[in-house]
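A.B. asks: Got a predicted structure plus its sequence, pasted below:
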Amino acid sequence: MIIEANDLRKTFIAKRGRGKTEEVQAVQGIDLGVEEGEIFAALGPNGAGKTTTVRMLATFTAPTSGTARVAGFDVVKEAAKVRENIGYVSQAGGVDDNAPGLESLMLAARLSGMSRKQARIRADELLQAFSLSEIANRPAKTLSGGQKRRFALAIGLVTKPPLVFLDEPTTGLDPQNRANLWDEVRDLRAQGTSVLLTTHYLDEADALCDRLVIIDHGKIVAEGTPTELKKEVAGDVVTLRLKGIDEARELLAAQDYIKEVRAEDDVLRAYLDDGEHGLPHLLRALEERNLTLDSISLDRATLDDVFLRHTGRSLRDAA
Amino acid sequence: MLRHTSLFLGYELRFLLRNPVWPVFGIVQPVMYLIFFAPLLGSTTPSGSMPEVLAMFTPGSMMMIALFGSLFAGFGLINETRNGVLERLAVSPAWPPAIILGRVAKDMITLVLQAILVMGVAMLMGLRIGLLAFLIMLALMATTGLFAASLSYGLALALRDENGMSQIVQFFAMPLTLIAGLFLPISLGPDWLQTAAKFNPLYYGVEAGRALFRDDLSDSTIPTAFGLLAVLAVITLIWSMRSLRKMAG
């Protein structure tokens, strides 16, 4: 295992003015196991504790309690060893705006012990791989968000680390750049690099990762492969908007082909294994009670449904 | 350790070479003081000659660059606490103190180069100074820069707020300037002012500079200034490195 965390906790003392302080329990006991060569995602809304968890694993923040081993080394006692074996791309990116991207790349390479020549060769490899050669000497502040993000990734990979942390790698990117970055992350897996990424996008976790944990309020609420997790909730979900939501909820819950019904504001979700065959029955039952639909849709269950099941709220609302 | 410090220094110096104009702006103020203010001081020295006035006034104007240049060095670092650069470096194999030391070394070099320019202008105006005194003066400026820049990085990392930082720097810069006798020797003032000045590290810097420019190399203010500034520099360096470590919470 490249990451092994046991009961990691982090409590911050936040200043609240006039000498008052407040304890913020950002991470409240997280256990993680990431296999070598895996893309592992931590999915959760903003403020769930994903970034704090990654920062503890990357040796930036010391845990309040609990232990973690990354690449075989203890994150507190052997922080220097951990640092030699990881790449870390923070949410902010960490590309120096005032210097050309190549300068940041060269500095990172040389700090890891490479000679000027080796650093230049590695930098050229990465510039090529991320299509950055032409803009390598432009000050980073003149680059677009997507270009800067690619530089951030290149800097994180300069030492060819066996493990890379990507904290919200696609936040703020347009769909095209986002898709490109996904491809780059998949390429990492193809080369045998392990990746721990955090995201609050369901489709990102679904499309990219081999396994994931769902984090909410500093705790892991679910863990598994995307397929396993989606299987926990029934395969299909029917989303209905209608008047008389309480009556409809009771009615649908009584149908034997429906496994679970959840109401959220004016939306009703019915989970069932075989949506195509269940839908006509469902419509007939509503019609018999004279319940008029505003809208209805049938979808495959997503990780949002998993999140909803475990936290009682939709990730879209929580984020 | 040394390798990492020099790598950071090289990185910072390349930035300086790409933008060589900014440090030149830093010496505009002291040069203007030399040209427009020093001639008014004829009556404050025994003979009133220009070389004598310059020997008295130039050290003060050089300390001014340290105060108004190096003390602001930390501003750039505040941004780096937010854009992820320091976060990335903190978990890289870099030796942590080198992150600060490399920058401080750059500020020392900048300050020494600025000092050479200011002394050059003063010499063109008639200042005469021995080579040894010149070199010791540069070393004194480097030590002052070490202290002022470390203090600035410490403040930047402790406050992490541009507004707070500029208020604090301004708040301290003015009294430090006045009570150091930057423009006129404090010995012209009343006793209480002379006593107050003894608590200002900058005062010793200015007095040591004046002794050097008088070619009075055995004056006790010279070792006092070096010792005091070096000790303060070490304290502020340690403080800024601790602040860097605490950044993570």
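C.D. replies: Received it, and whenever you're ready, just let me know what you need.
A.B. asks: Can you name the residues that contact the residue nearest to the spatial centre of chain B?
C.D. replies: For chain B, residue B:66 is the residue whose C-alpha lies nearest the centre (C-alpha atoms, centre = their mean; 2.5 Å). The contact partners of residue B:66, taken as C-beta atoms under 8 Å, 6 or more residues apart in numbering or on different chains, are B:111, B:141, B:144, B:145, B:148, B:205. Bear in mind the C-beta positions are built from the backbone N, C-alpha and C, glycine included.
A.B. asks: could you redo the last one with a cut-off of 7 Å?
C.D. replies: Remark: with contacts taken as C-beta atoms under 7 Å, 6 or more residues apart in numbering or on different chains, residue B:66 is in contact with B:111, B:141, B:144, B:145, B:148.
A.B. asks: how close does residue B:90 get to chain A?
C.D. replies: Here residue B:90 is placed at a distance of 6 Å from chain A (C-beta to the nearest C-beta, to the nearest Å).
A.B. asks: ok, how many other residues are close to that residue?
C.D. replies: Neighbourhood size, residue B:90 [other C-beta atoms under 10 Å in any protein chain shown]: 23.
A.B. asks: List the residues that contact it.
C.D. replies: Residues near residue B:90 by C-beta under 7 Å, 6+ apart: A:60, B:96, B:248.
A.B. asks: Quick check: phi and psi at it.
C.D. replies: Backbone torsions for residue B:90, taken as degrees, to the nearest 10, come to phi -60, psi -30.
A.B. asks: So, low pLDDT: which residues of the chain?
C.D. replies: Defaulting to chain A. For chain A, the stretches with pLDDT under 70 are A:316-319.
A.B. asks: meant chain B actually
C.D. replies: For chain B, residues meeting the criterion pLDDT under 70 lie at B:249.
A.B. asks: what residues does it put near chain A?
C.D. replies: B:4, B:7, B:11, B:14-15, B:82-85, B:87-88, B:90-94, B:248-249 (C-beta under 7 Å from any C-beta of the partner chain).
A.B. asks: could you redo the last one with a cut-off of 6 Å?
C.D. replies: Residues of chain B lying near chain A by C-beta under 6 Å from any C-beta of the partner chain: B:7, B:11, B:83-85, B:87-88, B:90-94, B:248-249.
A.B. asks: Helices of chain A, residue ranges please.
C.D. replies: A:50-57, A:79-84, A:101-111, A:116-129, A:145-156, A:175-190, A:202-208, A:226-232, A:245-253, A:275-288, A:303-311, A:315-318 (DSSP state H).
A.B. asks: Run through the helices of chain B in chain order.
C.D. replies: Using DSSP H, helices in chain B cover B:2-18, B:21-26, B:28-32, B:50-68, B:75-82, B:85-90, B:96-124, B:131-159, B:162-179, B:191-197, B:201-213, B:221-246.
A.B. asks: and the shortest one, C-alpha only, in CSV?
C.D. replies: Listed in CSV are the C-alpha atoms of helix B:28-32, where the atom choice follows Å, rounded to 0.1, in the frame of the first residue of the first chain:
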residue,chain,number,x,y,z
VAL,B,28,16.0,57.6,-6.2
GLN,B,29,14.9,58.8,-2.7
PRO,B,30,18.3,58.8,-1.0
VAL,B,31,20.0,60.4,-4.1
MET,B,32,17.4,63.2,-4.0
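A.B. asks: List of residues touching it?
C.D. replies: Residues outside helix B:28-32 that contact it (C-beta atoms under 6 Å, 6 or more residues apart in numbering or on different chains): B:61, B:64, B:65, B:118, B:121.
A.B. asks: Next up, the contacts around residue 102.
C.D. replies: Since you didn't name a chain, this refers to chain A. A:136, A:137.
A.B. asks: To clarify, I was referring to chain B.
C.D. replies: By C-beta under 6 Å, 6+ apart, the neighbours of residue B:102 are B:5, B:8, B:9, B:12.
A.B. asks: tell me which of those residues is nearest to chain A?
C.D. replies: residue B:8 (7.6 Å; C-beta to the nearest C-beta).
A.B. asks: Isn't residue A:271 up against residue A:235?
C.D. replies: No. Judged on C-beta atoms under 6 Å, residue A:271 makes no contact with residue A:235 at a distance of 8.3 Å.
A.B. asks: Looking at those two, which one has more neighbours?
C.D. replies: residue A:271 (22 against 14).
A.B. asks: Give me the nearest residue to the more buried one, chain neighbours excluded.
C.D. replies: In space, and not counting its chain neighbours, residue A:271 is closest to residue A:234: 3.9 Å by C-beta to C-beta, 6 or more residues apart in numbering or on different chains.
A.B. asks: Residue A:270 is in contact with that neighbour, correct?
C.D. replies: No. The criterion here is C-beta under 6 Å, and residue A:234 misses it with residue A:270 at 8.9 Å.
A.B. asks: what about these two, which has more around it?
C.D. replies: Comparing residue A:234 with residue A:270 by other C-beta under 10 Å, the one with more neighbours is residue A:270, at 27 against 20.
A.B. asks: what about the residue lying closest to residue A:116 once chain neighbours are set aside, how many residues close to it?
C.D. replies: Nearest residue to residue A:116, sequence neighbours excluded (C-beta to C-beta, 6+ apart): residue A:110, at 6.9 Å. Neighbourhood size, residue A:110 [other C-beta under 10 Å]: 23.
A.B. asks: pretty sure residue A:110 contacts residue B:8?
C.D. replies: No. When contacts are counted by C-beta under 6 Å, residue A:110 is not listed as touching residue B:8 (10.1 Å).
A.B. asks: tell me the contacts of whichever residue of the stretch 101-250 of chain A sits closest to chain B?
C.D. replies: Scanning the stretch 101-250 of chain A for the residue nearest chain B gives residue A:111, at 4.6 Å (criterion: C-beta to the nearest C-beta). Residue A:111 makes contact with B:92, B:93, B:94, according to C-beta under 6 Å, 6+ apart.
A.B. asks: Count the residues that sit near residue 149.
C.D. replies: Since you didn't name a chain, this refers to chain A. Using other C-beta under 10 Å, residue A:149 has 25 neighbouring residues.
A.B. asks: Wait, chain B was what I had in mind.
C.D. replies: 30.
A.B. asks: How about it, nearest residue that isn't a chain neighbour?
C.D. replies: Leaving aside its chain neighbours, residue B:149 sits nearest to residue B:107 (3.8 Å; criterion: C-beta to C-beta, 6+ apart).
A.B. asks: if I look at that neighbour, how far off is chain A?
C.D. replies: Between residue B:107 and chain A the computed distance is 16 Å (C-beta to the nearest C-beta).
A.B. asks: now residue B:226
C.D. replies: Residue B:226 sits 32 Å away from chain A, taking C-beta to the nearest C-beta as the criterion.
A.B. asks: residues contacting that residue?
C.D. replies: The contact partners of residue B:226, by C-beta under 6 Å, 6+ apart, come to residue B:143.
A.B. asks: State the distance from it to residue B:136.
C.D. replies: 9 Å (C-beta to C-beta, to the nearest Å).
A.B. asks: ok, now residue A:25?
C.D. replies: 57 Å.
A.B. asks: before we move on, what about residue A:75?
C.D. replies: In terms of C-beta to C-beta, residue A:75 sits 48 Å off from residue B:136.
A.B. asks: Compare those two (neighbour count), which wins?
C.D. replies: Between residue A:75 and residue B:136, counted using other C-beta under 10 Å, residue A:75 has the larger neighbour count: 27 against 18.
A.B. asks: Is it correct that that one is in contact with residue A:59?
C.D. replies: Yes. The pair residue A:75 and residue A:59 qualifies as a contact (C-beta under 6 Å) at a distance of 5.2 Å.
A.B. asks: any residues in contact with both of those two?
C.D. replies: Joint contacts of residue A:75 and residue A:59 (C-beta under 6 Å, 6+ apart) are residue A:82.
A.B. asks: give me every residue that touches the residue nearest to residue A:271.
C.D. replies: For residue A:234, the contacting residues are A:259, A:271, A:272, A:273, by C-beta under 6 Å, 6+ apart.
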